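Chemist: Here's a sequence, model it:
(one chain, ligands or ions: 1)
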Amino acid sequence: MTFPTKVKIVEVGPRDGLQNEKETIPAAIKITLINQLTAAGFVNIEAASFVSPKWVPQMATSTEVMAGITRKPGVIYSALAPNMKGLEAALAAGADEVVIFGSASEAFSQKNINCSIAESIERFRDVALATKQAGKRLRGSISCVFGCPYQGEVGIDAVVDVLHRMRDLGCDEIDIADTIGVGTPHQVKAVMQRLVQEFPADRLSGHFHDTYGQALANIYASLEAGISIYHASVAGLGGCPYAKGATGNVATEDVLYMMQGLGIETGIDLNAVVQAGQFISQHLGRKAASRAGNAIAAKLASA
Ligand SMILES: CC(C)(COP(=O)([O-])OP(=O)([O-])OC[C@H]1O[C@@H](n2cnc3c(N)ncnc32)[C@H](O)[C@@H]1OP(=O)([O-])[O-])[C@@H](O)C(=O)NCCC(=O)NCCSC(=O)C[C@@](C)(O)CC(=O)[O-]
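Modeler: Have a look, this model is predicted:
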């Protein structure tokens, strides 16, 4: 497998990063953040989630957010949709890409979307069809690939099975998610090497949470397996409401710093992302969870 020289970073901070915040963040703040991220050069930003507001109250502003952002031509603004109700709202809001999200763990599927894996795929069938009919991109996300907060270990066969089902639904891209950040590099490389035999490597992405501090190492392991799409969250924001104790995704600033050092092209302005990270962290009243971001911010402040 060739080590990539160019990667796509999908910025998931506005959705995955903020969905777990207890205090409602005004839509205007989310809009400013997304506009800053657009200006920094991302080609794909996960901007919204059309789920039940009873389940994830923070995402209830999604329609307002999508209406308020300044779109840059060519940038994909993605939104999650677990069912037809969510899909209708996502399309009405002008989502460029719809994300269906399932799990390789039965227990997590029940906790997160209140149905079994098989039921979720049946639900996604209509969503996938309508997304394609609307001419939009379809992305599938598979949670708990490297472990589940409720059932522990998750076998590779369960992952491959969901991957096949998502492929058959017509997913353009499929996310391999370490929801609770328990994966380690050799395991991640082996899983990715297996999955690229089942789905094109250039349409698989790595979505790593950094709960156990393994995310950057796991990205490096995935690069070695030929994966060239990574999800990251500005300032390391986040955590999943249905995965207790899970911290945010790997911080975007840290990923960009590593990619720079490896000579891998991202097309993104790291300093601009650092500023966006400082902006949202100030709003949330806490220090950014990005090591590189905080180091660069300190350097910029003293320059
Ligand atoms: C899937 C459901 C809706 C099933 O939830 P349910 O209770 O089984 O659904 P229901 O169809 O029985 O509907 C119940 C109520 O929700 C409403 N409803 C139903 N659907 C919608 C919708 N789309 N938008 C707005 N409202 C909706 C519906 O209208 C009804 O309202 P009521 O009649 O009681 O007033 C629920 O479980 C849900 O919303 N779950 C979302 C959980 C979630 O968002 N989790 C976080 C995202 S996944 C994640 O973060 C992982 C990821 C992707 O990042 C990868 C990784 O790291 O693993």
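
Chemist: in a strand, that's where Tyr77 is, yeah?
Modeler: Yes. Counting by DSSP: H, G, I helix; E, B strand; the rest coil, Tyr77 is located in a strand.

Chemist: What is the burial count for it?
Modeler: Tyr77 has 23 neighbouring residues, counting by other Cβ atoms under 10 Å. C-betas here are computed from N, CA, C, even on glycine.

Chemist: could we number from 661 for the rest of this?
Modeler: All right, first residue 661 from here; so that's Tyr737.

Chemist: Can you tell me how far it is from the ligand?
Modeler: According to Cβ to the nearest ligand atom, to the nearest Å, Tyr737 stands 16 Å off from the ligand.

Chemist: and the closest residue to that residue other than its chain neighbours, what helix or strand is that in?
Modeler: Spatial nearest neighbour of Tyr737, excluding adjacent residues (Cβ to Cβ, 6 or more residues apart in numbering): Ala707 at 4.6 Å. Following DSSP states H and E, one finds Ala707 within strand 704-709.

Chemist: Other residues contacting that strand?
Modeler: If you take Cβ atoms under 8 Å, 6 or more residues apart in numbering as the criterion, strand 704-709 is touched by 668-672, 674-676, 679, 694, 697-698, 716, 719, 722-723, 725-726, 729, 735-740, 750, 753, 755, 757, 759, 891.

Chemist: List the ones among those that fall in helices.
Modeler: By the criterion of DSSP state H, membership of the contacts of strand 704-709 in helices covers 694, 697-698, 722-723, 725-726, 750.

Chemist: just how off-centre is stretch 822-841 within its chain?
Modeler: Taking Cα atoms, centre = their mean, to the nearest Å, one finds stretch 822-841 lying 12 Å from the centre of the chain it belongs to.

Chemist: Identify each buried residue in that stretch, please.
Modeler: Buried residues in stretch 822-841, defined by neighbour count with 16 or more other Cβ atoms under 10 Å: 822-823, 825-826, 829, 831, 833-841.

Chemist: filter those residues down to the ones near the ligand?
Modeler: Restricting the buried residues of stretch 822-841 to those near the ligand by Cβ under 6 Å from any ligand atom leaves 837, 839.

Chemist: biggest separation within the buried residues of stretch 822-841, which pair?
Modeler: Between all members of the buried residues of stretch 822-841, the longest pairwise span (Cβ to Cβ) is found for Leu829 and Gly841 and amounts to 26.9 Å.

Chemist: What's the local residue count around the closest residue to Gly953 other than its chain neighbours?
Modeler: For Gly953, ignoring the flanking residues on the chain, the nearest one in space by Cβ to Cβ, 6+ apart is Glu913 at 3.5 Å. Residue crowding around Glu913 was assessed by other Cβ under 10 Å; the count is 30.

Chemist: wouldn't Glu913 be in contact with Ser893 here?
Modeler: No. Under the contact definition of Cβ atoms under 8 Å, Glu913 does not touch Ser893, with a separation of 10.0 Å.

Chemist: picking up where we left off before, how close does the residue nearest to Gly953 sit to Gln942?
Modeler: With distances defined as Cβ to Cβ, to the nearest Å, the gap from Glu913 to Gln942 amounts to 15 Å.

Chemist: could you pull out the strands for this structure?
Modeler: Secondary structure of the chain by DSSP state E: the strands cover 668-671, 704-709, 736-740, 757-763, 797-803, 833-838, 864-868, 889-892.

Chemist: okay if I get the ones you listed as CSV plus mean pLDDT?
Modeler: Compiled in CSV, these are given as follows (pLDDT from 0 to 100):
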stretch, mean pLDDT
strand 668-671, 98
strand 704-709, 98
strand 736-740, 99
strand 757-763, 98
strand 797-803, 98
strand 833-838, 98
strand 864-868, 98
strand 889-892, 98
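
Chemist: so where is this protein shaky, pLDDT-wise?
Modeler: Scanning the chain for pLDDT under 70 picks out 899-900.

Chemist: ok, now with 80
Modeler: Across the chain, residues meeting the criterion (pLDDT under 80) sit at 661, 899-906.

Chemist: and it, which residues reach the ligand?
Modeler: Counting by Cβ under 6 Å from any ligand atom, the residues of the chain close to the ligand are 676, 679, 709-712, 714-716, 740, 742-743, 745-746, 761, 772-774, 801, 803, 837, 839, 867, 869, 900-902.

Chemist: Does Tyr737 touch Met726 like I think?
Modeler: Yes. Taking contacts as Cβ under 8 Å, Tyr737 lies within contact range of Met726: 7.0 Å.

Chemist: Now list whatever residues contact both of these two.
Modeler: Where contact means Cβ under 8 Å, 6+ apart, the residues bridging Tyr737 and Met726 through contact with each are 707-708, 754-755.

Chemist: Thanks a lot, see you next time.
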